[in-house]
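Enquirer: This is the structure alone, sequence omitted:
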């Protein structure tokens, strides 16, 4: 199949890229510049696509930044919360309706190139924090993709469906596929190295530990 | 309710704006600059919002223009087809996945401002040409909106649901509400006056005729 993958540059979507390629799909990757503080993830996305030798587009959505004014990821006035990923404070890292926006743009690319599917890397751990990673949300979007054009588009989310996977499962899968984890970027702070303290850093470390896989990430703490 | 309306500047969404205001909703309007040839519709949208005294944002999506490369509305290399709206040739006026993109952005605004609903003006005549105006598509999107955030968002499409309306019905409704039809813009060619020949001009004229309402539009032919 010809697949458009939303690639953030983080660990999950990188593993999904390698997974789709191993399944012999033709993959094109879409990343979005929405003015996020952790701009480094876009550099990571670019490097990952070069290593995987796939087409990559970075789409500039900074023009809609003002719509997302409530999030710490796009506002320099709101501090990035530290602590465990699943805590209440992490909710302020949510960019409003981000996944519907990202998926709709990937869908536009898919429709215009007659691609067969859009893929994204939501996993079973995401939906405690991110409402738009809930399985029910992805099912509604699957229906919408089937109907958005005369040419139906599939919505692949193999880390949620058919078998829900945890981030530790994804690390294991990625290790088996030879994913260059050191090229992926998770930290919301976007400094020189991963801070080790913000929600995604805590979650990343925990996943490597639970998976029993050596973590190549350099953490600032 | 607090409602985010996707306002193109055309006849249908203008009538929906007046309709929502008559129902005492608080309305904010979102228009999108995606490099469309008929840029005049954005000027129309701006004027309509001034007349209705509602907040208006125009979002710049020209950065994603390259994703939409197959449409006559964003490519100067593809001619705008003339003839009846329902003809096969009109399909090339479709911007890939446009409604999902527009609705997702309106949803981002709705989520970030804790608005109650997103509204759009799809009507029963649209879906012969536009797959993303089909009732089934709007039902899938309604589900997705309910789940995209912890704060659920409604999707209003009163010209499709609960009672499907034709464009002639919309003209009748708008006439009753005092909508300034002469301020709306339909023509895909985007010249000084409506061409009278392209699909949307033909459809616009037909709707006024069928409704038995005087058409204030100046047509070039």
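Expert: Good, I have the coordinates. The model shown is predicted, which means the values in this text are computed figures rather than measured ones. Numbers count the residues shown, from 1 in each chain, chains lettered A, B, ... in the order given.

Enquirer: And the pLDDT at the spatially most distant residue from the centre of chain A?
Expert: Residue farthest from the centre of chain A, counting by Cα atoms, centre = their mean, is residue A:150 at 27.7 Å. Residue A:150 is assigned 89 on the pLDDT scale.

Enquirer: The longest strand anywhere in chain A pairs with which strands?
Expert: Taking DSSP state E as the criterion, chain A has its longest strand at strand A:26-33. Sheet pairing of strand A:26-33 (DSSP bridges) gives strand A:2-6 (parallel), strand A:55-60 (parallel).

Enquirer: Which stretch among the ones you listed is buried most, on average?
Expert: Stretch with highest mean neighbour count among the strands paired with strand A:26-33: strand A:2-6 (a mean of 23; mean count of other Cβ atoms under 10 Å in any protein chain shown). Backbone N, C-alpha and C define where each C-beta goes, glycine included.

Enquirer: Please name the residues that touch residue A:104.
Expert: Going by Cβ atoms under 8 Å, 6 or more residues apart in numbering or on different chains, residue A:104 touches B:97, B:100-101, B:103-104.

Enquirer: related to what we said a few turns ago, can you give me the offset of the longest strand of chain A from its chain's centre?
Expert: Relative to its chain's centre, strand A:26-33 lies at 11 Å (Cα atoms, centre = their mean, to the nearest Å).

Enquirer: Now rank the contacts of residue A:104 by neighbours and give me the top one.
Expert: Greatest neighbour count in the contacts of residue A:104, by other Cβ atoms under 10 Å in any protein chain shown, goes to residue B:103: 31 neighbours.

Enquirer: which residues touch it?
Expert: Each residue near residue B:103 by Cβ under 8 Å, 6+ apart is listed here: A:100, A:104, B:6, B:118, B:120, B:141, B:145, B:155.

Enquirer: Pick the one among the residues you listed closest to residue B:218.
Expert: Residue B:218 lies nearest to residue B:6 out of those, by Cβ to Cβ, at 26.2 Å.

Enquirer: Tell me what that closest one is bridged to.
Expert: Assigned bridge partners for residue B:6, using DSSP bridges, are residue B:30.

Enquirer: so it makes contact with residue B:102?
Expert: Yes: between residue B:6 and residue B:102 a contact is recorded at 4.9 Å, counting by Cβ atoms under 8 Å.

Enquirer: Give the other helices and strands that the helix or strand where residue A:48 lies contacts.
Expert: Here residue A:48 sits within helix A:40-52, counting by DSSP states H and E. Counting contacts by 3 or more Cβ pairs under 8 Å, 6 or more residues apart in numbering or on different chains; DSSP states H and E, helix A:40-52 packs against helix A:11-22, strand A:26-33, strand A:55-60.

Enquirer: what sits up against that helix?
Expert: Against helix A:40-52 from outside (Cβ under 8 Å, 6+ apart): A:7-10, A:13-14, A:17-18, A:21, A:27, A:29, A:31, A:33, A:36, A:55-56, A:58, A:180, A:183-187, A:190.

Enquirer: so how far is residue B:10 from residue A:149?
Expert: 21 Å (Cβ to Cβ, to the nearest Å).

Enquirer: Could you do residue A:117 as well?
Expert: When residue A:117 is compared with residue B:10 (using Cβ to Cβ), they lie 32 Å apart.

Enquirer: list the contacts for residue A:15?
Expert: Counting by Cβ under 8 Å, 6+ apart, residue A:15 makes contact with A:121, A:170-171, A:173-174, A:177, A:179.

Enquirer: again, 10 Å this time
Expert: Applying Cβ atoms under 10 Å, 6 or more residues apart in numbering or on different chains to residue A:15 gives the contacts A:121, A:123, A:159, A:165, A:167, A:169-177, A:179, A:181, A:184.

Enquirer: List buried residues within the residues you listed.
Expert: A:121, A:123, A:159, A:165, A:167, A:169-175, A:179, A:181, A:184 (16 or more other Cβ atoms under 10 Å in any protein chain shown).

Enquirer: and which of the residues you listed is nearest to residue B:197?
Expert: Nearest to residue B:197 out of the buried ones among the contacts of residue A:15 is residue A:121 (Cβ to Cβ; 47.3 Å).

Enquirer: For residue A:129, grab the count of nearby residues.
Expert: There are 18 residues near residue A:129, going by other Cβ under 10 Å.

Enquirer: For chain A, which element, helix or strand, carries the lowest mean pLDDT?
Expert: For chain A, using mean pLDDT, DSSP states H and E, the weakest element among its helices and strands is strand A:55-60, scoring a mean of 88.

Enquirer: Residue A:201 falls within a strand, correct?
Expert: No: applying DSSP: H, G, I helix; E, B strand; the rest coil, one finds residue A:201 to be helix, outside a strand.

Enquirer: Hmm, it is touching residue A:208, no?
Expert: No: the criterion here is Cβ atoms under 10 Å, and residue A:201 misses it with residue A:208 at 11.2 Å.

Enquirer: more neighbours, these two?
Expert: residue A:201 (23 against 20).
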